[in-house]
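Peer 1: sequence and predicted structure, then a few things I'm wondering about:
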Amino acid sequence: MTAGLAAALSALPRLEHPDGSPIRALVVEDEPTIADLLRFPLQLIGWEVTVVGDGLEAVRVARDLRPDVLVLDRMLPGLEGLEVLRRIRLLQPDVPSLMLTALDAPSDRVGGLAAGADDYVTKPFTIEEVLLRLHRLVQRSGVTARQANELVVGDLVMNLDAHEVTRGGDPIALTATQYQLLQYLMENPHRVLSKAQILDAVWNYDFGGQANIVELYISYLRKKIDVGREPMIRTVRGAGYMLKPA
């Protein structure tokens, strides 16, 4: 890794979805060397990178992946880059895209931008510039923004104003204490919380050895949050409990 790339990586603030899941980048590039040049630094900043070398395959992959940002070569086997962009935009109208190509004539640049590309970088390029441009595209897209007064972990959403909870869009009815417990878990995703911490945060005092009240209410939550779905509430033996996306 060059000093310039190391500096660029350290200068970029980490981006992720509100639920803590990584940014998904779809790189459509048929030159393996360039694809690897892009993949490595994007993974270093915590993004999930999928590389495809064929235009038709890129459209198929995008349908399932729902990428947060696209990096597209113009000249691709199977389907030309601008047509790939057009078809993906039928599935995801707002997905940001960066066109990366050897076609460097002004008319090519104008044509790419006019066709819907959000940015256009010509080869040869510096990876530092591409990283910065992709980072800004994702920031402007709003995918990292948390909605006001909402807690989101995976497909679990708590609206703090309406006092409502949904998972996968399905409403979940909770008692007041169950709601408080879930709120504490959702405020600390991916973090192991001990029974003592949960007692202090939810019940505001020590139950004097009655830590089994935590086990009881975790059981209640699991029946409402996890039954029939991929589990989100995890027991960490000897340590406590953790909420993480399924």
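Peer 2: That came through, no problem.
Peer 1: quick one, what contacts the closest residue to Arg66 other than its chain neighbours?
Peer 2: The shortest distance from Arg66 to any residue other than its chain neighbours is 6.5 Å, reached at Gln92 (CB to CB, 6 or more residues apart in numbering). C-beta: built from backbone N, CA, C; applies to glycine. Taking CB atoms under 8 Å, 6 or more residues apart in numbering, we find Gln92 in contact with Ala62, Arg66, Pro67.
Peer 1: what subset of those residues is buried?
Peer 2: Buried members of those, scored by 16 or more other CB atoms under 10 Å, are Ala62, Pro67.
Peer 1: mind putting the contacts of Gln92 in a markdown table, distance to Gly168 and secondary structure included?
Peer 2: Formatted as a markdown table, the contacts of Gln92 follow (distance: CB to CB, whole Å; DSSP: H, G, I helix; E, B strand; the rest coil):
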| residue | distance to Gly168 | secondary structure |
| --- | --- | --- |
| Ala62 | 22 | helix |
| Arg66 | 15 | coil |
| Pro67 | 21 | coil |
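Peer 1: from Leu65, how far off is the residue nearest to Arg66?
Peer 2: Separation of Gln92 from Leu65 (CB to CB, to the nearest Å) stands at 10 Å.
Peer 1: check Thr50 too.
Peer 2: Thr50 is 6 Å from Leu65, where distance means CB to CB.
Peer 1: which parts of the chain are strands?
Peer 2: Taking DSSP state E as the criterion, the chain carries its strands at 24-28, 48-52, 69-72, 97-101, 119-122, 150-153, 156-159, 164-167, 170-172, 233-236, 240-243.
Peer 1: so in that sheet, which strands flank the first one, and in what orientation?
Peer 2: Taking DSSP bridges as the criterion, strand 24-28 forms sheet pairs with strand 48-52 (parallel), strand 69-72 (parallel).
Peer 1: give me the pLDDT value at the nearest residue to Gln139 once chain neighbours are set aside.
Peer 2: The shortest distance from Gln139 to any non-neighbouring residue, by CB to CB, 6+ apart, is to Leu15 (6.8 Å). As predicted, Leu15 sits at a pLDDT of 85.
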